Structure formats: structure tokens, C-alpha cells
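Novice: need a structure here:
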Amino acid sequence: MKRVVSVSLGTSKRDKKHEVEILGEQFLIERIGCDGDLRKFAQMFTELDGKVDALGVGGADIYVVVGEKRYAFKQILRLIGGAKKTPVVDGSGLKHTLERETIRALQSTGLADFSKERVLLVSAVDRFGMAQALEEAGAKVVYGDLLFGIGLPLRLRSYRSVKRLGSAILPLITKLPFKWFYPTGEKQEKRQPKHGWAFKEATIIAGDWHYIRRYAPDDLEGKTIITQTLRKADLEWLRSTRAKRAITTTPMMGGETFATNVMEAVIIALLGKKPDEVSSADYLGVLKKLDWKPNVIELAQRS
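Specialist: Numbers count the residues shown, from 1 in each chain. Purely as a prediction, here's the structure:
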């Protein structure tokens, strides 16, 4: 049996363990939340090194991307440095492929016509494949990197602006503590609605779920949410906001959906390759074998 573990800086309340067969291989998949404890987070990567088939970084990014440039958070690289043998991924490989294909699939099947939609993408540097695909599809997008990542009430309305800004400030930002820019531990459970106008004017809200849940207003009537995995409690909350539907990017496996970093770790374990040896074609090949497609969940009550 292959074992994949996602070690997260997020809350331990979302921990789970699941056995599932994927493409003929038995997997034990675990999620271990460290409640924002950096020492425990680093210790887990050291302790699990060589004992599991792949490790995922949850509740944090190793890399953010603008255009063709990739920047690494120095703090996260140091914290995962104890993993010398086991491959470590943060989901960025899938963000480049799966999330890009999600937008294309929704457009090609008629589930969405992005040229007619107003999209709030809460962070483009975190979901760069999605950002580039939305631009390609002709969507009217507000990129929320300044709004929610930096805390400045400024809209970015073109991916060109994201690239210019990113190339200027990401070399500095990635040297700073990660928690300054992303909720970790118990902060992931606390809502802090802000910039409600950005959510109100959008017809589609897309990107990282923790950003969306933390900053969204209580009223999301008629909105479509495009994000990664959602738990039952997340869906219940979305229903309470009167959101219309949720679309998740990660595939169902054994009746469960898993975070992007977990899915990437599973694919790495299946391929038996180092992360830097895996191509976009490799990722897409596995997704095709999994018969992947976006998971559409209708939320609005039908009369």
C-alpha cells in the first residue's frame, strides 16, 4: 500500500485518513494539521521522510507564479528541509494543469461562458493556471492579490498588471513570514469579511477556499464558486449564503475529494518520479485515466 501524507499549517479540525484504490493501487491518504505550529510542521517532514511515498504541503505554498517566473517562500523551504528522501509537493504542478483545464472544460461543455461573466479571482499568483485560463477565455476578472494578500483596496483588472506587480514585489514578499499573507492554524476558522463590493459585483468567485471563506460576505446569492476541495461544513455554509453552485477542481476518489497538494502527491507516487521530472503531459495523462472532470454541486434550493 502506498502512503501519502499532507502536512498542513492549517487547523487540525480538518484532519482525516482515508484508504482508497486509485488506478489499481491501494493508497492510505492522510491529512495532519499543525494548527499553525511551525516547529511541529517542520518536525513532521523530518519524521515522515523516507517512511511515506510522497508528502504534500497543506495550508501553505512553496511556490507562487506570475507569467513564466516561479518564486519560492524561503520560510517554507526551510521548514520542509527535513524531507531529504521523500518527494514534497505543494499542488503547484496541478494548479498549472488541472485548474487551467477546469476553466477550459467548463467553457467547452457550456457549463460557463466566461466571456459573459464577471470573475473575482481572490489570488492569481496562487492559482496561476486558473488566472491565465480565465484571461484566455475572455472573462472580466478582478484579481484580488492586493485586496486579500496585501490588504490594499486596489483592483487589478488585467493579468498583465498581475505580472508587473508580481515581478516587482514577489522577490521581497517570499522572503517574509508566510503567515503575513495567508491564514494559518485557527485563523482559517475565523471569518473576517472585507471588500464586500468585490464579491457583490462578481458573478463567479474563484480561487483558494480559505481566502474565499475568510473574506466573503454572508450573502453570496446567485454566485458560482470555483475552488479546490470542499467539506460538508463548507457546503452547508455556502448554502447559508444562498450561493447558487460550487465547482470543485479536484477529482472524486472513493467518494472523497482531496486538496490540490494531496492530489499532486498521489500522482507523484503513482508515477514514481521526482516532482521536477513530471511534465504537464504526465499530469494530464493521469487525470485522463482518472476520468477527471470538474465536480458541479448545485446549492440553491429548487422550488
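Novice: in this structure, which helix or strand is least confident?
Specialist: strand 252-253 (a mean of 62; mean pLDDT, DSSP states H and E).
Novice: hmm, Arg70 is touching Asp61, no?
Specialist: No - the criterion here is Cβ atoms under 8 Å, and Arg70 misses it with Asp61 at 10.7 Å. C-betas here are computed from N, CA, C, even on glycine.
Novice: gap between Lys13 and Gly207?
Specialist: Lys13 sits at a distance of 22 Å from Gly207 (criterion: Cβ to Cβ, to the nearest Å).
Novice: ok, these two, which is more surrounded?
Specialist: When Lys13 and Gly207 are compared for neighbours, Gly207 comes out ahead with 26 against 12, by other Cβ atoms under 10 Å.
Novice: mind listing what the more buried one touches?
Specialist: 121-124, 126-127, 130, 144, 226-227 (Cβ atoms under 8 Å, 6 or more residues apart in numbering).
Novice: the stretch 1-150 of the chain: helices as residue ranges?
Specialist: Here the stretch 1-150 of the chain has its helices, by DSSP state H, counting those that start in this stretch, at 38-48, 74-79, 92-108, 128-136.
Novice: for the second one, which positions count as buried?
Specialist: Of all the residues in helix 74-79, those buried under the rule 16 or more other Cβ atoms under 10 Å are 75-76, 79.
Novice: of those residues, just say which sits nearest to Phe258.
Specialist: Ile76 (20.1 Å; Cβ to Cβ).
Novice: find residues that contact each of Arg70 and Asp61.
Specialist: Counting by Cβ under 8 Å, 6+ apart, the shared contacts of Arg70 and Asp61 are Ser92.
Novice: who has more neighbours, those two?
Specialist: Ranked by neighbour count (other Cβ under 10 Å), Arg70 and Asp61 place Asp61 first, with 24 against 14.
Novice: correct me if wrong: that one contacts Val89.
Specialist: No - counting by Cβ under 8 Å, Asp61 stays clear of Val89, with 11.0 Å between them.
Novice: re earlier: so which of the helices of the stretch 1-150 of the chain is nearest Trp180?
Specialist: helix 74-79 (10.0 Å).
Novice: which other residues reach the closest one?
Specialist: Helix 74-79 is contacted from outside by 38, 41-42, 45, 57, 60-62, 90, 174-178, using Cβ under 8 Å, 6+ apart.
Novice: mind listing what's buried in stretch 171-181?
Specialist: For stretch 171-181, by 16+ other Cβ under 10 Å, it's 173-174, 178-179, 181.
Novice: closest to Trp237 out of the buried residues of helix 74-79?
Specialist: Ile76 (28.0 Å).
Novice: quick revisit: could I get the helices of the stretch 1-150 of the chain as TSV with distance to Glu30?
Specialist: Below are the helices of the stretch 1-150 of the chain laid out as TSV (distance: least, Cβ to Cβ, whole Å):
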stretch	distance to Glu30
helix 38-48	10
helix 74-79	19
helix 92-108	19
helix 128-136	26
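Novice: run a quick neighbour tally on Lys187.
Specialist: As a burial measure, Lys187 scores 16 neighbours (other Cβ under 10 Å).
Novice: you'd agree it is in a helix?
Specialist: Yes - counting by DSSP: H, G, I helix; E, B strand; the rest coil, Lys187 is found in a helix.
Novice: close enough to count as contact, Arg14 and Arg31?
Specialist: Yes - in this structure, Arg14 is within contact of Arg31 by Cβ under 8 Å, at 6.7 Å.
Novice: which ones are touching the nearest residue to Ser8 once chain neighbours are set aside?
Specialist: What sits nearest to Ser8 in space, not counting adjacent residues and going by Cβ to Cβ, 6 or more residues apart in numbering, is Gly58, at 3.0 Å. Residues in contact with Gly58, defined by Cβ under 8 Å, 6+ apart, are 6-10, 31, 33, 259, 261-262.
Novice: one more: Ile32?
Specialist: Counted by Cβ under 8 Å, 6+ apart, Ile32 has contacts 5-8, 12, 15, 44.
Novice: can you add pLDDT and give those residues back as a markdown table?
Specialist: As requested, the contacts of Ile32 are exported to a markdown table (pLDDT from 0 to 100):
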| residue | pLDDT |
| --- | --- |
| Val5 | 97 |
| Ser6 | 96 |
| Val7 | 97 |
| Ser8 | 94 |
| Ser12 | 90 |
| Asp15 | 87 |
| Met44 | 97 |
